[in-house]
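>>> this is the structure alone, sequence omitted:
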């Protein structure tokens, strides 16, 4: 039997919002240590890696390892039916064909149960090599989201240039050029508002707006986003999920033939 | 002469919102006792019955009975022009071709008058037999609206199963099954949040989501909705309209060939 | 060199919102005295005249007169990228092909620079004769916006009838007739809520809803709008822009063959 319970169903809602634009289906690997999803987006360009640790749940039981293929759209529909105060429980039997989502209201007077059919999916285990990154930037996730959205208006891709002083984002297109510079925070009143640059050597990488604008859907999960970058290696865009885990997006940089300055 | 005045024009706005998805035109029967509308929806499946008592108006005068055919869309447009604080007066002469809606601002400095042409309509008087219902359920109208919207995502109809313990709503479709149970409230802090089941014998009836989702547009009129059900008889879904009247929706249950458990 | 700086970038955002439905491109005439735009709308029916005085800017420098053709849509996109607290600076060199918009956050840690290509445009200098108007009405801009929007539902044009008592707006169409009367304010608690009519002789003029509904986009700029009217002369609809200038819309009245009462 598999059973995982979260008092705050809102977290799971936000997780679904963070992946539903990238994935239509995904395999949820459940084991004693928690729940893991690792999948390429529908166009096989970016990679999503979601990790929810068993100890982060209010109740967690997984008698044997399960790989459950789920429709992300249906799961998202179901989670929209949870009240903001509801507790959510995921429940499946061994060799399951169905997973149940159970929502309980705080006063116990409303009990909603949604049963979703599972999908048979091919397994693709992706090894993600550990890397030392040239630059690791932490910044407010809302600020990052704002910059991605703003600059998307001016071009199809955004160049991230990271140096000791801070990080610069540039886009250009038919209407002109846009660039936004964030200085490293001298002294932040609030940790979550800080811009912190951890640099071994400067990097300058260009990424597709289309994918960045999917990643920023995770902003409600965490006040800060962490961007890890090295030349010729995929960007890692990471959001913590409370005390329970994290979601990471991987995106390879674009190769510009004429631009290596 | 016919004249009816309401200090709170917002009530009339909400009434129009509650019927405009179901009716394009309707006959407003005005008499000494008040205003009544009784009409089948455009597809002739459900029945709307609206009652506004003359003593609920701040001023009411109806010298002779009038049957006025009105365009619900135009009336709705006109009412959207009323300010939230405005007083509304409906005025028509005997044998009218026009009805006037007059909005006055609280400081009397703005006076808006909208004249709407009346429509010739066939009269259809529908007798609604008085019935003793097997189950009468009162519940928060927002909760009922939420359940109808949520379950509509999973099927085209919702089964209402009512027993002593409470009421259960079920829908199922390609993606799986959804069901929501509401327990009878043990002790409600606030009357308007209570779920109260008055049961002679249990019922289990299935209704089309499409119509339920029209009925719930009346939710802003009243904190509670009352559902009256008996086997093989139309559901009555009733919302009180302040101290002035009520709106009732009637909808026949679906007949399921293979489902009598 | 041309440089103009506004601590409140929000003002410029609102100015763009006030013209972007009427103009796709416009020439910004910059001189020592300030910035001026004068342009017919795309359909060459109404005229927009925008005036921003140099002394209204927090910093202003214009070494030589410049006529810069700008895409209003692109400028509007750029201004949407400004944070609500940001300072905005416009900067161009002599004989410019580009204008830069520079946004600085209050803490100076975010610096965004958008460079927009200028457009070659034909110059059309329009002389607007000074006129003494028969009626000048001041009223809350929100109220005027509301009336234009409400009455547009009932007809394609609105008749403004101004007398000593106040101003009356009328529209009529297939569904009936709508009219709204505003009385001159006897004693206004707040100046910005007052309706003030300054009348030499009564006027009755009819204007196209389509243009009025563009003009009211300027409402966020100022709590009051001023309407100046004379028979057979264009309406002037004026909004002050803080302490910095104003925007005026000119619109010729419709000629009704059968209506001279």
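Cool, the structure landed. Everything numeric here is computed off the predicted structure, so don't read it as measured data.
>>> up against chain C, what does the stretch 51-200 of chain A have?
A:143, A:146, A:150, A:153-154, A:175-183, A:185, A:195 (C-beta under 8 Å from any C-beta of the partner chain). Where you see a C-beta, it was placed from the backbone N, CA and C, and this is true even at glycine.
>>> out of those residues, who's the most crowded?
residue A:178 (27 neighbours; other C-beta atoms under 10 Å in any protein chain shown).
>>> correct me, but it touches residue A:170?
Yes - counting by C-beta atoms under 8 Å, residue A:170 is a contact partner of residue A:178 at 7.0 Å.
>>> joint contacts of these two?
residue A:151 (C-beta atoms under 8 Å, 6 or more residues apart in numbering or on different chains).
>>> of the residues of the stretch 51-200 of chain A next to chain C, just say which sits nearest to residue A:115.
Comparing these against residue A:115 with C-beta to C-beta places residue A:146 closest, at 39.6 Å.
>>> host element of that closest one?
Using DSSP states H and E, residue A:146 falls within helix A:141-152.
>>> helices and strands around that helix, which ones?
Other elements packing on helix A:141-152 under the criterion 3 or more C-beta pairs under 8 Å, 6 or more residues apart in numbering or on different chains; DSSP states H and E are strand A:157-163, strand A:166-173, strand A:176-183, helix A:209-215, strand A:224-229.
>>> ok and the shortest one relative to helix A:141-152, angle-wise?
An angle of 60 degrees separates the directions of strand A:224-229 and helix A:141-152 when computed by axes from the mean of the first three to the mean of the last three C-alpha atoms, to 10 degrees.
>>> and the residue nearest to residue A:180 when sequence neighbours are not counted, what is it in contact with?
Nearest residue to residue A:180 in three dimensions, chain neighbours excluded: residue C:112, at 4.3 Å (C-beta to C-beta, 6 or more residues apart in numbering or on different chains). Shown in contact with residue C:112 (C-beta under 8 Å, 6+ apart): A:150, A:178-181, C:81-82, C:86, C:102-103.
>>> contacts for the helix holding residue A:146 next, please.
Taking C-beta under 8 Å, 6+ apart as the rule, helix A:141-152 contacts A:158, A:169-171, A:178, A:180, A:182, A:195, A:209, A:212-213, A:215-216, A:218-219, A:221-225, A:227, A:239, C:80-81, C:83, C:110, C:112.
>>> need the buried ones from those residues selected in ChimeraX.
Only the buried members of the contacts of helix A:141-152 enter the following ChimeraX selection, criterion being 16 or more other C-beta atoms under 10 Å in any protein chain shown:
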select /A:158,169,170,171,178,180,182,195,209,212,215,216,218,219,221,222,224,225,227,239 /C:81,83,110,112
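>>> where does residue A:83 sit, in terms of helix or strand?
With DSSP H and E as criterion, residue A:83 is part of no helix or strand.
>>> which one among the contacts of residue C:112 gets closest to chain B?
Comparing the contacts of residue C:112 against chain B with C-beta to the nearest C-beta picks out residue C:82 as the nearest, at 32.7 Å.
>>> who's in contact with the closest residue to the closest one other than its chain neighbours?
Excluding its sequence neighbours, the residue lying closest to residue C:82 (C-beta to C-beta, 6+ apart) is residue C:9, at 4.2 Å. Residue C:9 makes contact with C:79, C:82-84, C:86-88, C:103 under the criterion C-beta under 8 Å, 6+ apart.
>>> what residue ranges in the stretch 151-261 of chain A score low on pLDDT?
A:188, A:256-261 (pLDDT under 70).
>>> try it again at 50.
Within the stretch 151-261 of chain A, the stretches with pLDDT under 50 are A:259-261.
>>> for whichever residue of it sits closest to chain B, which non-adjacent residue is spatially closest?
For the stretch 151-261 of chain A, the nearest residue to chain B under the criterion C-beta to the nearest C-beta is residue A:217, separated by 20.6 Å. In space, and not counting its chain neighbours, residue A:217 is closest to residue A:18: 5.2 Å by C-beta to C-beta, 6+ apart.
>>> no more questions from me, cheers.
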